[in-house]
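Undergrad: structure, please.
(one chain, ligands or ions: 2)
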Amino acid sequence: MLLMKGIAASPGISIGKAFIFEPDKLKLERKEITEDGIAEEIIQFKEAIERTKKELIQVKKRVMDEVGEEYAKIFSAHLLVLEDPFLIIEVERKIKEERINVEYALFSVLETLTSSFSSLDDEYIKERAVDIHDIGRRLLGNLLKQKRVNLELEESRILVGHNLTPSHTAQLNKEKILAFVTDMGGRTSHTAILARAMEIPAVVGLINITSLLKEEDTLIVDGNRGEVVIKPTPEVIEEYSKRKKEYELFITGLANLKDLPAQTKDGFRIELCANIEIPEEVDLVKEHGSEGIGLYRTEFLYLGRNTLPNEDEQEGVYKEVARKTFPYSVIIRTLDLGGDKLSLHLKQPEELESNPFLGLRAIRLCLANVDIFKTQLRAILKASVYGNIKIIFPMISNLEELIKTKEILREVQEELRRENIPFDEAIEIGVMIETPAACMIADMLAEKVDFFSIGTNDLIQYTIAVDRGNERIAHLYEPLHPAILRLIKLVIEAAHRRGKWVGMCGEMAGDPLSCLVLLGLGLDEFSMSGVVIPEIKEIIRSVTLSEAKEIATEVSKLDTAQEVKSLIRKRFSKKLDKVLLRSENG
Ligand code: PEP
Ligand code: MG
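TA: Ligands and ions are numbered 1, 2, ... in the order given. I've put the predicted structure just below:
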């Protein structure tokens, strides 16, 4: 038996067998396809060729700049292979006539080509065989990468992986997944966020658990305390089963808060909303008592698929979310791809960026792909007549970006007016405050929008310079760092002075200790993973606004996060012993 301590990423306790998930080692398999599947395989082939070409052009350019033209020529030869009619025609023929999957069709054509070329005596032709081999591997790699990961588990399992990207996680069938366990990741990595959205217990940041496990090993995952037990003894299983029951009882006990207002003992009411990633979550978060959606992360609509969602599809989805949430509101965030959420279809760097979280992400990506951005804005505006929709723009870091974004929105609104398509003319517009730069110019931004939502997941990473998904420095990722508290205070004050309201959709809003300080700082709206809403409501309902204001003033005089946490615990632990537990392990 081995007990490992990681980062508690999503609450709950599960006991089960491990399924080791290695998407990077996708196997090349021969699979029969149906007649209906032929077109899809051919589309995938063409997409992989295009993607590979773009990569090669990029590499060629770099080699040309760094090493010289002579070496860059190799890549011209590779590009020619990609245009070779024999290769293209033969792969397509195999897919159509032999009804086999594209990767296998490509693999067998490459095999034929390289073996027939390398058996010839001619040196030039032999070299071409090497080219074909090289390029074939790259093309095959791209094909495998863009394939949907097939995760059809027959029995329920605990999913163990080195890293689960958001696009992998978004494809999982949650019915069969008991828990997630990963080597990498932090509490606010998108994998952790998705685990909470799916209400699946998770522990991340375990560093090397994948290398210590074998398929089918029994595991206990305690997502409340961040513990994983490998091959537990029967006594330990019994102990954790008891904890599991206790936790479930505690959660059931909170269920009666569902229809009660999120109001302090002295009658101060806040808005308690949920963050969602997929439309299906709306019903679930309502069950937890959310009053609307404070953040809808629309980029999940773009992940793990082979085509972009078109205007109609998006309109349909946004409409459904708005309708179901009505009379409460839905804050739809425009695409936040980039960073750790990558789509195959947008103008993103062909080669990985060395600092993707500082790169072409969120609003930057949208401003570089205006057509795609406009399609999304049209869809949101068209859906706005079916409910109460607000729009928020992610990762604004300067005023020009906001001005440009609003200009594009105005153009789209003009287009719709010309087409006589109705939309909510008074739709509220907000920005996410998630860079230190945005905090420092909050006064200027507030003049141009209706509201703010503070995205602390990123704000913390950019302010403290600590990667939110890196388990090795997770101890530095600290919401209650005095710098973060000062920035939040500054933002709330700047907005309030201009009559604008401020919400928070970063995970900090759902952190038991932090929410008390945020309440005292005057935050108007709290938005969080649905599962934690009942606990936060319990906290809000157990204190008075004046107690919260007092603690906010007192912590602002302290020097370290540790002191801040100790003071809040000392002050509130009697009232809130159970609900504060999560903060000790997060
Ligand atoms: C944030 O950064 O706090 C946020 C809510 O956005 P995301 O987690 O999707 O980056
Ligand atoms: Mg963010």
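Undergrad: pretty sure residue 301 sits against residue 309.
TA: Yes: between residue 301 and residue 309 there is a contact under C-beta atoms under 8 Å: 5.1 Å. Where C-beta positions appear, they are placed from N, C-alpha and C, glycine not excepted.
Undergrad: pop the domain breakdown of the chain in here.
TA: 2-23+150-254, 38-143, 257-585 (automatic domain parsing).
Undergrad: pLDDT below threshold where in the stretch 201-350 of the chain?
TA: By pLDDT under 70, the weakly predicted segments of the stretch 201-350 of the chain are 304, 306, 343-350.
Undergrad: where do the strands sit along it?
TA: Taking DSSP state E, counting those that start in this stretch, the strands of the stretch 201-350 of the chain run over residues 202-204, 218-222, 227-230, 271-276, 293-297, 330-333.
Undergrad: got these as TSV, with distance to residue 426 and mean neighbour count columns?
TA: Listed next are the strands of the stretch 201-350 of the chain as TSV, based on distance: least, C-beta to C-beta, whole Å; neighbours: other C-beta atoms under 10 Å:
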stretch	distance to residue 426	mean neighbour count
strand 202-204	40	31
strand 218-222	47	24
strand 227-230	50	21
strand 271-276	19	26
strand 293-297	19	27
strand 330-333	15	26
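Undergrad: any chance of the ones you listed in TSV, plus distance to ligand 2?
TA: Converted to TSV, the strands of the stretch 201-350 of the chain look like this (distance: least, C-beta to the ion, whole Å):
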stretch	distance to ligand 2
strand 202-204	18
strand 218-222	26
strand 227-230	28
strand 271-276	11
strand 293-297	9
strand 330-333	9
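Undergrad: how about CSV for those strands, with distance to residue 493 added?
TA: Below are the strands of the stretch 201-350 of the chain laid out as CSV (distance: least, C-beta to C-beta, whole Å):
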stretch, distance to residue 493
strand 202-204, 35
strand 218-222, 40
strand 227-230, 40
strand 271-276, 19
strand 293-297, 21
strand 330-333, 22
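Undergrad: ok, which of those comes nearest residue 238?
TA: Ranking these by their distance to residue 238 (criterion: C-beta to C-beta) puts strand 218-222 first, at 10.8 Å.
Undergrad: hang on, isn't residue 29 packed against residue 104?
TA: Yes: counting by C-beta under 8 Å, residue 104 is a contact partner of residue 29 at 6.9 Å.
Undergrad: re earlier: out of residue 301 and residue 309, which sits in the busier spot?
TA: Using other C-beta atoms under 10 Å as the criterion, residue 301 and residue 309 rank with residue 301 on top: 23 against 19.
Undergrad: contacting residues around the more buried one?
TA: Contact analysis of residue 301 by C-beta atoms under 8 Å, 6 or more residues apart in numbering lists 309, 313, 314, 317.
Undergrad: which among these count as buried?
TA: Buried subset of these (neighbour count, 16 or more other C-beta atoms under 10 Å): 309, 314, 317.
Undergrad: packing partners for the helix or strand hosting residue 452?
TA: Assigned by DSSP states H and E, residue 452 belongs to strand 451-454. Applying 3 or more C-beta pairs under 8 Å, 6 or more residues apart in numbering; DSSP states H and E, we find strand 451-454 packed against strand 428-433, helix 442-448, helix 482-497, strand 501-504.
Undergrad: okay, the second one in CSV with CA atoms only?
TA: If I follow you right, that is helix 442-448. Output of helix 442-448 as CSV, limited to C-alpha atoms (Å, rounded to 0.1, in the frame of the first residue of the first chain):
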residue,chain,number,x,y,z
ALA,A,442,-9.6,49.3,-14.0
ASP,A,443,-10.8,52.9,-13.8
MET,A,444,-10.4,53.4,-17.5
LEU,A,445,-11.9,50.0,-18.4
ALA,A,446,-14.9,50.6,-16.1
GLU,A,447,-15.8,53.7,-18.1
LYS,A,448,-16.3,51.5,-21.2
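Undergrad: please identify the buried residues of that helix?
TA: 442, 445, 446, 448.
Undergrad: cool, and the longest one?
TA: Within helix 482-497, the residues that qualify as buried by neighbour count (16+ other C-beta under 10 Å) are 482, 484, 485, 487, 488, 489, 491, 492, 494, 495.
Undergrad: any idea how far it is from the chain center?
TA: 26 Å (C-alpha atoms, centre = their mean, to the nearest Å).
Undergrad: same check on stretch 425-445?
TA: Worked out by C-alpha atoms, centre = their mean, stretch 425-445 lies 21 Å from the chain centre.
Undergrad: same check, this time on stretch 119-139
TA: Taking mean C-alpha positions (C-alpha atoms, centre = their mean), stretch 119-139 and its chain are 41 Å apart.
Undergrad: residues in contact with that stretch?
TA: 48-49, 52, 55-56, 74, 77-78, 81-82, 106-107, 110, 113-114, 117-118.
Undergrad: check contacts around the residue in the stretch 301-450 of the chain that ligand 2 sits nearest to.
TA: Distances between the stretch 301-450 of the chain and ligand 2 by C-beta to the ion are smallest at residue 434, namely 4.7 Å. Applying C-beta under 8 Å, 6+ apart to residue 434 gives the contacts 394, 395, 454, 455, 456, 457, 458, 459, 462, 506.
Undergrad: what do you get for residue 49?
TA: 82, 88, 139.
Undergrad: secondary structure class for the last one?
TA: Each residue gets one of three states, and residue 139 gets helix by DSSP: H, G, I helix; E, B strand; the rest coil.
Undergrad: gap between it and residue 133?
TA: Residue 139 sits at a distance of 11 Å from residue 133 (criterion: C-beta to C-beta, to the nearest Å).
Undergrad: what parts of the stretch 401-550 of the chain come near ligand 1?
TA: 434, 455, 456, 457, 458, 505, 506 (C-beta under 6 Å from any ligand atom).
Undergrad: state the phi and psi torsions of the second one.
TA: As for residue 455, its main-chain torsions (degrees, to the nearest 10) stand at phi -100, psi 90.
Undergrad: so what's it closest to, chain neighbours aside?
TA: Nearest residue to residue 455 in three dimensions, chain neighbours excluded: residue 434, at 3.4 Å (C-beta to C-beta, 6 or more residues apart in numbering).
Undergrad: and the one you found, backbone torsions?
TA: Residue torsions, per degrees, to the nearest 10, at residue 434 are phi -140, psi 10.
Undergrad: measure it to residue 401 for me?
TA: Going from residue 434 to residue 401 by C-beta to C-beta gives 13 Å.
Undergrad: again, but for residue 193
TA: From residue 193 to residue 401 the distance is 24 Å (C-beta to C-beta).
Undergrad: and what of residue 221?
TA: 41 Å.
Undergrad: please work out the average pLDDT along stretch 488-500.
TA: For stretch 488-500, the mean pLDDT works out to 98.
Undergrad: same question for stretch 128-146.
TA: In the prediction, stretch 128-146 has an average pLDDT of 77.
Undergrad: how about it: buried residues?
TA: Burial within stretch 128-146, assessed by neighbour count using 16+ other C-beta under 10 Å, is assigned to 128-129, 131-136, 138-140, 142-144.
Undergrad: JSON lines for these, including distance to ligand 1?
TA: Shown next, in JSON lines, are the buried residues of stretch 128-146 (distance: C-beta to the nearest ligand atom, whole Å):
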{"residue": "128", "distance to ligand 1": "47"}
{"residue": "129", "distance to ligand 1": "47"}
{"residue": "131", "distance to ligand 1": "42"}
{"residue": "132", "distance to ligand 1": "42"}
{"residue": "133", "distance to ligand 1": "41"}
{"residue": "134", "distance to ligand 1": "38"}
{"residue": "135", "distance to ligand 1": "36"}
{"residue": "136", "distance to ligand 1": "37"}
{"residue": "138", "distance to ligand 1": "31"}
{"residue": "139", "distance to ligand 1": "33"}
{"residue": "140", "distance to ligand 1": "33"}
{"residue": "142", "distance to ligand 1": "27"}
{"residue": "143", "distance to ligand 1": "29"}
{"residue": "144", "distance to ligand 1": "28"}
